[in-house]
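# I would like to see how this sequence folds:
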Amino acid sequence: MLHDATRRAPAGALLAAGWLFTAGAMAQPVTLHLHNGDRLTGTLVSESTNGVVLATGWNPALTVPADLIARREGGGTNAPAGIVAEVPAPKAEAAPPPAPAPAPPAAAPAAMAAVKPQSPTPPRWKTELRLGGDMIRGARDRDIYFGTVAVTYARPYADNPKLFFRSRTDYRADYGTTDGRETSDRMFGSNKTDFDLNERFFLYNFMGLGYDDVRRIDLQYEVGPGAGYRLVRHPKLAMNLEAGLNYQVQEREVSADLEAWQSRLGQDLSWKVYDRITLTQKATLLSNLEALDEYQFRFEANLAFGLVKNLSLNLTALDLYDTRPAPGVTRNEFQLRSSLGLTF
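Sure, this is the predicted structure:
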């Protein structure tokens with residue numbers, strides 16, 4: 001039995017020595033460098049293929065997974081003290097090929113409309129020129145020449161493109177004779193600006209200046225503010241109503257000058273009757289606030305027939321009525337004209 005104990009001694013000594021060596025190796029300080037740049041230092045407690053366990057001053061058993069370790073310094077039987085051991089990151093398994101993406105659902109009508117290309121922005125400036133002339137030869141010879149120019153500017157508000165600031169400047173002139181006697185000689189210019197308050201209501205200001213030699217008005221000027229309401233708003237039909245004040249002065253050739261504050265009622269219409277046919281119409285009633293039986297009425301309608309892209313044939317009816325004209329001038333004057341129009 002003594003012999004058996006003597007034989008077991010070397011084996012026990014070897015086992016104890018191996019345990020002491022391993023424990024000594026485990027007790028060595030270890031520094032781990034992680035893939036994210038951090039660094040951990042502690043005493044190696046245990047290690048496996050899944051990672052290592054460190055004892056630190058703040059955690060006696062901190063587990064660090066192997067896929068987080070970039071490299072290791074010191075500690076372990078496979079890395080003696082002072083030797084840097086590289087711990088390669090585990091290889092990522094090959095990802096299966098991606099499944100084909102399902103076909104996108106059919107776009108809803110609203111979504112399809114949202115991606116439609118935007119229509120070009122309408123120009124801010126628009127100019128319309130009309131020129132005409134009538135020559136009649138017979139029992140009475142008559143010649144008349146006339147022209148109008150209208151320049152319109154429309155600018156949408158920056159915070160609401162549906163609302164606009166607009167300005168329209170009109171200039172008209174005509175001259176005519178009948179049997180060598182002057183029957184028409186007038187010129188008048190006006191400017192009207194309006195500011196949208198919302199999609200229905202707007203404010204406006206009107207100014208006008210001109211003369212009418214046949215109606216014995218050497219100079220006429222007027223100005224007046226007001227408000228308007230968009231009664232009809234449709235791509236092919238629009239109608240506005242207006243009400244305001246007007247201050248008018250007429251310097252007359254053969255009678256006392258006329259100066260009056262007037263109420264102003266106005267109405268205008270634009271109708272796209274057909275693809276190439278457009279009807280525009282305006283009416284204005286000015287009533288003297290001090291004598292309501294004195295008033296002026298103006299009516300104008302124009303029917304435009306499109307010939308080519310920017311050229312049109314126009315038929316215009318104009319009626320002027322004044323209850324207090326200059327001596328020798330009729331109260332009512334009606335004109336029917338034809339002209340060629342150019343828009344650009």
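# Now for the residue lying closest to Pro235 once chain neighbours are set aside, how many residues are close by?
Using C-beta to C-beta, 6 or more residues apart in numbering and skipping residues adjacent in sequence, the residue nearest Pro235 is Lys272, 7.6 Å away. Where C-beta positions appear, they are placed from N, C-alpha and C, glycine not excepted. Neighbours of Lys272 under the rule other C-beta atoms under 10 Å: 14.
# Likewise for Pro225?
Using other C-beta under 10 Å, Pro225 is surrounded by 13 other residues.
# Which pLDDT value does the model give it?
Reported pLDDT at Pro225 in the predicted model: 97.
# thinking it is in contact with Met207, fair?
No. Pro225 is not in contact with Met207 according to C-beta atoms under 8 Å; the separation is 10.1 Å.
# quick one on the thing from earlier: what's opposite the residue nearest to Pro235 in the beta bridge?
Thr278 (DSSP bridges).
# quick one, what contacts it?
With contacts defined as C-beta atoms under 8 Å, 6 or more residues apart in numbering, Lys272 is in contact with 235-237, 278.
# How is the protein partitioned into domains?
According to automatic domain parsing, the chain comprises the domains 9-86, 118-343.
# Flag whichever of those domains has the least confidence on average.
Across these, domain 9-86 gives the lowest mean pLDDT, at a mean of 67.
# Excluding chain neighbours, what is closest to Met187?
Among residues not flanking Met187 along the chain, Ala173 sits closest, at 4.3 Å (C-beta to C-beta, 6+ apart).
# Off-centre distance for the helix or strand harbouring that neighbour?
Under the criterion of DSSP states H and E, Ala173 resides in strand 164-178. In this view, strand 164-178 has its centroid 32 Å away from the chain centroid, taken as C-alpha atoms, centre = their mean, to the nearest Å.
# With only the CA atoms kept, save it in PDB.
Output in PDB follows, covering the C-alpha atoms of strand 164-178 (Å, rounded to 0.1, in the frame of the first residue of the first chain):
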ATOM      1  CA  PHE A 164     -53.800  87.600 -56.200                       C
ATOM      2  CA  PHE A 165     -52.800  91.200 -56.600                       C
ATOM      3  CA  ARG A 166     -54.000  92.400 -60.000                       C
ATOM      4  CA  SER A 167     -53.500  95.600 -62.000                       C
ATOM      5  CA  ARG A 168     -55.200  96.400 -65.300                       C
ATOM      6  CA  THR A 169     -54.400  99.500 -67.400                       C
ATOM      7  CA  ASP A 170     -56.600 100.400 -70.400                       C
ATOM      8  CA  TYR A 171     -56.100 103.000 -73.000                       C
ATOM      9  CA  ARG A 172     -58.600 103.600 -75.900                       C
ATOM     10  CA  ALA A 173     -58.800 106.200 -78.600                       C
ATOM     11  CA  ASP A 174     -61.000 106.700 -81.600                       C
ATOM     12  CA  TYR A 175     -61.500 109.300 -84.300                       C
ATOM     13  CA  GLY A 176     -64.200 109.500 -86.900                       C
ATOM     14  CA  THR A 177     -65.800 111.900 -89.500                       C
ATOM     15  CA  THR A 178     -69.100 111.800 -91.300                       C
END
